[in-house]
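kindly return the folded structure for what I paste below:
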Amino acid sequence: MEVKSEAFEVKIEADNNRTNKHTRDDEPRPYSCTVCHKRFTTKGSLTSHRALHTRENWYSCTQCDKRLPSQSRLTEHMNIHTGKYKCTECGRCCVSRGELECTCEVIQERNHLNVMIVASDLHCQLALLSTAEFTVERNHFSVLFVTNDLHSQVTLLNTAEFTVERNHLSVLFVTNDLQSHVTLLGTAEFTVERNRLNVMFATSDLHSQITLLCTAEFTVERKHLNAVFVTSDLHCQVTSLSTAEFTVERNHLNVLFVTNDLHSQVASLGTAELTVERNHLNVMFVTNDLHCQVTLLGTAEFTAERNHSNVRCVMKHLQSLGSCRLT
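From the prediction side, this is the model:
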């Protein structure tokens, strides 16, 4: 909807009692805008403000379709196209040094918070990694201890085998000795009683040797089972070591996942800024649409009033026609 410039008139109030005072100083403001009722101290300030409503004599940008109300505002706008105040962090072009400094402070604060979050998560990951390395070292000492114990068990097993072999030789020697005594018993009747006693003694010793042999075989079997148990425990320790190495690798993957998640958060922040800008444009569009709806509502009320007047005129005409017909 176009606004005619003739509708704007300068109002100067001569009465000092009606002159508004600014909240920040005591300077009078006798010049009032007829549209928004804002007051100014000079006629030039009012003229510049009036251009905001009429959009007359606005300055157009040669790089884009944007129009600005003053030359100073156009000069500031051109800084965006020339990149005079360009942020080195995000690449955004600002209109002035003050806006650039505010943008840099916001980016630095956001980056500082991101670094603190990542550093905290990194400390947690390092603590987990140190715990995993300590577990691996402890498992390594456990494997060494089990290996030494296994060597001791093997040594005992070799000793038991040596004892069995020695007892076997002792049994052979006793058997040979027994045969010698039997031979002496057949050749000399005089020595029968003596040889009988010797045979009984040798038999007792033989039983003792056989008992020792059975005990040695049982000990060998038990040592063998102990060696199998120690070997199984060694396999369990090796499995625990592999599990600890897998935990270290998983923690490393978790660190990589946190880094990727940080990149995703930065991308989400850029998307959120784009959404805010888009919502701002939507609000402007809805505001313009609301003005159009109000205009249509006023037109509809005017049409309804006009139709009501027409209905009353038609009813009066019908009543007059009915009265004439009755007479």
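
how about the helices in this structure?
43-54, 71-82, 97-187, 192-326 (DSSP state H).

same list (those) but as a markdown table, adding mean neighbour count.
Yep, even glycine has a C-beta here, placed from its N, CA and C like the rest. Listed next are these as a markdown table, based on neighbours: other Cβ atoms under 10 Å:
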| stretch | mean neighbour count |
| --- | --- |
| helix 43-54 | 15 |
| helix 71-82 | 14 |
| helix 97-187 | 13 |
| helix 192-326 | 12 |
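
can you put those helices in JSON lines and add mean pLDDT?
Output for the helices of the chain, formatted as JSON lines (pLDDT from 0 to 100):
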{"stretch": "helix 43-54", "mean pLDDT": "79"}
{"stretch": "helix 71-82", "mean pLDDT": "86"}
{"stretch": "helix 97-187", "mean pLDDT": "83"}
{"stretch": "helix 192-326", "mean pLDDT": "77"}
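
gap between the residue nearest the centre of the chain and residue 271?
Nearest residue to the geometric centre of the chain (Cα atoms, centre = their mean): residue 261, 4.6 Å. Counting by Cβ to Cβ, to the nearest Å, the gap from residue 261 to residue 271 is 15 Å.

and residue 99, how far is that from residue 106?
11 Å.

for the helices of the chain, which one sits closest to residue 34?
Residue 34 lies closest, by Cβ to Cβ, to one member of these: helix 43-54, at 8.8 Å.

which strands or helices does that closest one pack on?
strand 31-32 (3 or more Cβ pairs under 8 Å, 6 or more residues apart in numbering; DSSP states H and E).

redo the helices of the chain as JSON lines? Include distance to residue 91.
Putting these into JSON lines (distance: least, Cβ to Cβ, whole Å) gives the following:
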{"stretch": "helix 43-54", "distance to residue 91": "31"}
{"stretch": "helix 71-82", "distance to residue 91": "12"}
{"stretch": "helix 97-187", "distance to residue 91": "11"}
{"stretch": "helix 192-326", "distance to residue 91": "12"}
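
to residue 88, which of those lies closest?
Proximity to residue 88, assessed across those by Cβ to Cβ, is greatest for helix 97-187 (8.1 Å).

now the angle from that closest one to helix 71-82?
Between the axes of helix 97-187 and helix 71-82, defined by axes from the mean of the first three to the mean of the last three Cα atoms, to 10 degrees, the angle is 30 degrees.

so which elements touch helix 97-187?
Using 3+ Cβ pairs under 8 Å, 6+ apart, the elements in contact with helix 97-187 are strand 85-86, helix 192-326.

reformat the ones you listed as CSV; add distance to residue 70.
Conversion of those to CSV gives the following (distance: least, Cβ to Cβ, whole Å):
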stretch, distance to residue 70
strand 85-86, 19
helix 192-326, 22
